[in-house]
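Colleague: Mind folding the following:
(4 chains)
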Number of protein chains: 4
Amino acid sequence: MVIVMGREATQDDVDSIVSVVQAAGVEAFVSRGVQRTIVGLVGDVTQLDATGLRGMQGVRDVMRVSTPYKLVSRENHPDRSVVRVGGVPIGPDTVTLIAGPCAVETPEQTLDAARMAQEAGATLLRGGAYKPRTSPYAFQGLGEAGLRILADVRAETGLPIVTEVVDAHDVDLVASYADMLQVGTRNAQNFALLQAVGAAGKPVMLKRGMNATIEEWLMAAEYIAQRGNLDIVLCERGIRTFETATRNTLDVSAVPTAQRLSHLPVIIDPSHSGGRRDLVLPLTRAAIAVGADGVIIDVHPQPELALCDGPQALVREDLGALAQVLRDLPPLLGKTAASAVSV
Amino acid sequence: MVIVMGREATQDDVDSIVSVVQAAGVEAFVSRGVQRTIVGLVGDVTQLDATGLRGMQGVRDVMRVSTPYKLVSRENHPDRSVVRVGGVPIGPDTVTLIAGPCAVETPEQTLDAARMAQEAGATLLRGGAYKPRTSPYAFQGLGEAGLRILADVRAETGLPIVTEVVDAHDVDLVASYADMLQVGTRNAQNFALLQAVGAAGKPVMLKRGMNATIEEWLMAAEYIAQRGNLDIVLCERGIRTFETATRNTLDVSAVPTAQRLSHLPVIIDPSHSGGRRDLVLPLTRAAIAVGADGVIIDVHPQPELALCDGPQALVREDLGALAQVLRDLPPLLGKTAASAVSV
Amino acid sequence: MVIVMGREATQDDVDSIVSVVQAAGVEAFVSRGVQRTIVGLVGDVTQLDATGLRGMQGVRDVMRVSTPYKLVSRENHPDRSVVRVGGVPIGPDTVTLIAGPCAVETPEQTLDAARMAQEAGATLLRGGAYKPRTSPYAFQGLGEAGLRILADVRAETGLPIVTEVVDAHDVDLVASYADMLQVGTRNAQNFALLQAVGAAGKPVMLKRGMNATIEEWLMAAEYIAQRGNLDIVLCERGIRTFETATRNTLDVSAVPTAQRLSHLPVIIDPSHSGGRRDLVLPLTRAAIAVGADGVIIDVHPQPELALCDGPQALVREDLGALAQVLRDLPPLLGKTAASAVSV
Amino acid sequence: MVIVMGREATQDDVDSIVSVVQAAGVEAFVSRGVQRTIVGLVGDVTQLDATGLRGMQGVRDVMRVSTPYKLVSRENHPDRSVVRVGGVPIGPDTVTLIAGPCAVETPEQTLDAARMAQEAGATLLRGGAYKPRTSPYAFQGLGEAGLRILADVRAETGLPIVTEVVDAHDVDLVASYADMLQVGTRNAQNFALLQAVGAAGKPVMLKRGMNATIEEWLMAAEYIAQRGNLDIVLCERGIRTFETATRNTLDVSAVPTAQRLSHLPVIIDPSHSGGRRDLVLPLTRAAIAVGADGVIIDVHPQPELALCDGPQALVREDLGALAQVLRDLPPLLGKTAASAVSV
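Modeller: Sure thing, here's the model as predicted:
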């Protein structure tokens, strides 16, 4: 960390900075220039709050030099990681399709959707039993009954299950059914939940908060990693901007950026970012073309009856085009579509 | 809800909208115009997802006509509410000062800060025992030991306690100490936590999510209200924008807007929005002048030693100016500074 | 336009809305429901200001039903347009590469960059003679001398020229040299300039304002179209968001969205959105994959000496990879790379 | 400027940075640490592009140490400035009310509005003869006829005139009528216009771009100052965020922040930021309370007939309350309401 003092800073101002810094067990080196005095810090600066220091008398700016995340950083782990979910790889050599219904509604609907997912080339099944909804009056998911349906459909189809957990209380229960735990965008800074999934012994898909910077997203992953779990897949799903023509703005640049800063795999959710069926295929193509290690897509046998996000779900007639995208695009990036594990 | 069909919409498109809507138990009235067909919906539209409908074939736009929140809406409750915290009112006739340290660190620091708060005119004490931090390596609060310190300081000073809860697990424990539970900006859509504080039988201060629209903020309050708790105070604390000169952008317009839409009291946190000590007094003046029903402010006896957000805390020499603001401004709005309850 | 009245609206409120609307020559139809009164408007509502009406007594919401742009809308022009620049097409069947230096600096640098562009498959040459710069102390371009260099390089290479104009004063001069006029992101609502390029008789590339909604972008295009010029190419170049890891956030969803709403071609600028060389190829792939009708890319023979945006320019060793992308990706979307016109 | 190299940076990477920097005439000092190499720059770094350097091989971050604006900075000009418009001061000791119609429509409407403005305590008259409108089909102002009306009303009332100029072509004409030239939010980076008003010899009110950072706003002011004109008043008018309940989000924190960084006066426009009449008085109070040196407010004798932004205009019955705010609040900040100059 480097602290830049303003031109008006007095010796007292500098001394007081130095004593704050030293009180936190960090060494401070003062370098006086013609125009500016700069204080360089060496040691464990994680206890120091940059915004706080910035408010002290005489301080003009505080600049962080090293990354605030360590376990998920690529600095100490130059090779990109592969995360395996029920044997299916997500990583630099593959493009993994995860598909299924937004919410588990009935056994039939879930099995139908899983068959649709397989037809399109999916090797992992998504499906929500616990749904975080903006309105308390909206459908909140089937809970454990939904998890049992997912387990039955896994037995029938061989597809490992990815499913969301929204409450730290439920992590053990959900982990007893799921092959991968999903943390949603609204829980991207629910630190109790992040720690609980970090301790659950299952791979985690961490969606980016719709208002999270890439750095905050990696810090959230660090919370999980710190509990001993490095099987984390990052998922970009759109950020909140002033544009209202789409539900959120898919930030494709986040994929190569996160892959440069972290060794973790990065996938994209083209269904929830755009919020419209007609955007799913174009955004899926963009996702694979920009280098995503996978995509997670809503499919539904009868989206007009879906209890959640139906109109963004792909339908049966879209599956051929999706399968085609998965055949055509990955080879152009030196990747292959991830194969299913033999049942 | 009103659905506007595109010019290209066919009869089949309209029929399929109508059947989706009716499947949700809502009546649909189709009105064909020269240029457009419009489908008006009557009934409980809360199960319908506007974004979803917007994605259906032939649909040009979907517009919501009634508010999606009911219990916290001012439509059915025209008088603005007063929430009482340990006897201290927060509401339309008063300006309540809540002050104290960002984090509880030691008994001495907490008592000192409470005395500073009282000197400035505070009638409620803030202080965090559980701190949600972006970095897993930063100080996370003292936990129950911190709650015990707060209780001791309340006994000593008579100030009721406002303190944050970050995990649904901890709600009962925190509620057994606190006079008011605070839900922070990162948990603004942690629905499990919202429901838990709704059931805890204590007043709640609900901070606006830094990326939440005013409507989403009121929907989060509705989650609390739905569990039977209407003692909710809304707190604007800055939203995330492109501007980087301040930590967040304080949205003062949100105060009169939320007061127009909801009967709940609305206060402002000038400390966390700006993130700089020199902004606290100007933003406090703006908060009261725009009509806020209170302010919540960080004070610290030795901010240079604070473990959290020290440099935004007011210090002893600022207290006189703060007390002056609380004397001068409320009368101009027909309000009085909220008095302490006699111990 | 539909005006939704609040539950509290009186007959006087409705009457006063109706008289405002009628004063603007628009017909108003009042429809009283159990919960709400709705006022539907028929006629030329372009003189009415939705935000204004929204502020009137008793009004709950104002919703626009028809598009506010007409000439560029796809509603009345279902086939997507092709714009020809010096004979080179930009449109639905092709992917056109426009490349060249950010700024024209010397004849040698410009010719070198043009040769690089051709090597990568470009059929149009970009290059700025007038540079809008945030700082008045930064290099502002060579002006007419730069235009002469561009014309010489066109004569030498056969590449038609795309170049920016920043002042309505200069439009005739720039148009006398250029094959296509570019309006930059900072001038996206410089209406005098939009009208001037609309009257200049040359195709126009209109960059999206970094803070413009897609609707505002199409309204800006409507300003140009209204002067009789429909040879407009829309260019998405990133929008301003809270994320600071990239210069701007490339909004790939804007491409299919603008193509759905307007008949105009839409291209992407992957150089200025990301602001980093290592993002240019991934974003170019994403651009073509999402369906863009072209890309505009900075190349520079010696970017370390560039006077403007050097470090985002592609260098000689990147050209093979770029050419490969242009060969591989367009056929997957049923497009071909646009051919050069024979000199 | 300080360049921080990544851990992976080679000696070649450092050498190549140094040569780029030296080519721009700037000195580079390399300091090698255990974990990092840092390159400090001394000299005129204004030709260097931080975003560009950030993209070079081995660079981790680029941090600017000195302010990029000089003439408007408070660093070299610690006393805050007073700008006089037709004799009326705008500066640190006063709160100046500028009021009038959004657009000049007729002589009667303009004179009526001016009388209303005076009744509320205004000492300067606002009124637009040239209106930048998002839609080409909306009313664009009366042009020179409007300027003549303003001049007549000035003769009648003694109020100096503030009016917008939207095209560099028109600056001389507008300056021949106006006492102060206004540059609007959509022209905040129309550099040709900024330079033209800088040379026009009249005070300038520079509205903040709705997407401009405070730094960019000050850079725009620097464009004007560089042409020899330091009579600049900054005007905050709301920024674009994700919130849709208000037209824009008024950033009150920008006032003390800009006053800390620049010596120029800073005022607020509460009419255009909120876009609703019922927000104007609360936001005006907040503006004065946060320390603004003035406010600019729309008033209209018959807003229901206004051709532009009618519903945000204050009406006759609001004037008493506005006058009261101007009497009550400024003294609390050690200011007085600015007096009219005797005619």
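Colleague: C-alpha only now, for contacts and for neighbours.
Modeller: OK.
Colleague: Would you check how far apart residue A:14 and chain C are?
Modeller: Residue A:14 sits 29 Å away from chain C, going by Cα to the nearest Cα, to the nearest Å.
Colleague: Quick check: which element contains that residue?
Modeller: Residue A:14 is part of helix A:11-23, with elements assigned from DSSP states H and E.
Colleague: all helices for chain A, in order.
Modeller: Per DSSP state H, chain A carries helices over the ranges A:11-23, A:50-54, A:107-120, A:144-157, A:171-177, A:191-198, A:214-226, A:254-261, A:270-274, A:277-290, A:319-332.
Colleague: Would you format those as TSV with distance to chain D and mean neighbour count included?
Modeller: Compiled in TSV, the helices of chain A are given as follows (distance: least, Cα to the nearest Cα, whole Å; neighbours: other Cα atoms under 10 Å in any protein chain shown):
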stretch	distance to chain D	mean neighbour count
helix A:11-23	17	16
helix A:50-54	14	21
helix A:107-120	34	22
helix A:144-157	34	18
helix A:171-177	33	17
helix A:191-198	25	24
helix A:214-226	14	25
helix A:254-261	11	20
helix A:270-274	15	27
helix A:277-290	18	26
helix A:319-332	25	17
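Colleague: got a list of what residue A:186 touches?
Modeller: A:132, A:209-210, B:189-190 (Cα atoms under 8 Å, 6 or more residues apart in numbering or on different chains).
Colleague: of these, closest to residue B:38?
Modeller: residue A:132 (30.9 Å; Cα to Cα).
Colleague: I figured residue A:45 hits residue A:26, correct?
Modeller: Yes. Using Cα atoms under 8 Å, residue A:45 is in contact with residue A:26, at 6.6 Å.
Colleague: Need the pLDDT of residue A:37.
Modeller: Residue A:37 is assigned a predicted lDDT (pLDDT) of 76.
Colleague: how about the residues of the stretch 151-300 of chain A near chain B?
Modeller: When proximity is defined by Cα under 8 Å from any Cα of the partner chain, the stretch 151-300 of chain A lies next to chain B at A:166-169, A:186-187, A:189-192, A:210-211, A:216, A:219-220, A:222-223, A:226, A:240, A:247, A:275-278.
Colleague: please redo it, this time with the cut-off set to 6 Å
Modeller: A:186, A:189, A:211, A:219, A:223, A:276 (Cα under 6 Å from any Cα of the partner chain).
Colleague: Is it possible to get TSV of the residues you listed that adds distance to residue D:123?
Modeller: Putting those into TSV (distance: Cα to Cα, whole Å) gives the following:
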residue	distance to residue D:123
A:186	50
A:189	50
A:211	43
A:219	53
A:223	58
A:276	53
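Colleague: In a markdown table: those, plus pLDDT.
Modeller: Putting these into a markdown table (pLDDT from 0 to 100) gives the following:
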| residue | pLDDT |
| --- | --- |
| A:186 | 93 |
| A:189 | 91 |
| A:211 | 92 |
| A:219 | 93 |
| A:223 | 92 |
| A:276 | 88 |
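Colleague: Tell me which two of the residues you listed sit farthest apart.
Modeller: Longest span within these, Cα to Cα: A:223 and A:276, 32.6 Å.
Colleague: hmm, back to that, please export the C-alpha coordinates of the helix holding residue A:14 as CSV.
Modeller: The C-alpha trace of helix A:11-23 is given here as CSV (Å, rounded to 0.1, in the frame of the first residue of the first chain):
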residue,chain,number,x,y,z
GLN,A,11,5.1,16.8,9.6
ASP,A,12,2.4,16.1,12.2
ASP,A,13,0.1,14.7,9.6
VAL,A,14,2.8,12.3,8.4
ASP,A,15,3.7,11.3,11.9
SER,A,16,0.2,10.5,12.7
ILE,A,17,-0.2,8.3,9.6
VAL,A,18,3.0,6.5,10.6
SER,A,19,1.7,5.8,14.1
VAL,A,20,-1.6,4.5,12.9
VAL,A,21,0.1,2.2,10.5
GLN,A,22,2.7,1.0,13.0
ALA,A,23,-0.1,0.3,15.5
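Colleague: what's the model's confidence in it, averaged?
Modeller: 84.
Colleague: go on, stretch A:107-125?
Modeller: The predicted model assigns stretch A:107-125 a mean pLDDT of 97.
Colleague: what's it in contact with?
Modeller: A:97-100, A:104, A:149, A:153, A:159-162, A:300-301, A:319, A:323, A:340 (Cα atoms under 6 Å, 6 or more residues apart in numbering or on different chains).
Colleague: Please work out which residues outside stretch A:128-144 touch it.
Modeller: A:102-104, A:146, A:163-164, B:47, B:219, B:223.
Colleague: Over to stretch A:320-338?
Modeller: A:93-96, A:120-121.
Colleague: how about the residues of chain A that lie near chain C?
Modeller: By the rule Cα under 6 Å from any Cα, the part of chain A lying against chain C is A:213, A:241, A:243, A:282, A:285-286, A:289-290.
Colleague: For those residues, could you give me CSV that also reports pLDDT and distance to residue C:14?
Modeller: Below are the residues of chain A next to chain C laid out as CSV (pLDDT from 0 to 100; distance: Cα to Cα, whole Å):
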residue, pLDDT, distance to residue C:14
A:213, 94, 46
A:241, 95, 35
A:243, 92, 32
A:282, 97, 45
A:285, 98, 50
A:286, 98, 49
A:289, 98, 54
A:290, 98, 53
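Colleague: and of those, the nearest to residue D:181?
Modeller: residue A:243 (31.7 Å).
Colleague: For chain C, what's its nearest residue on chain A.
Modeller: residue A:286 (4.2 Å; Cα to the nearest Cα).
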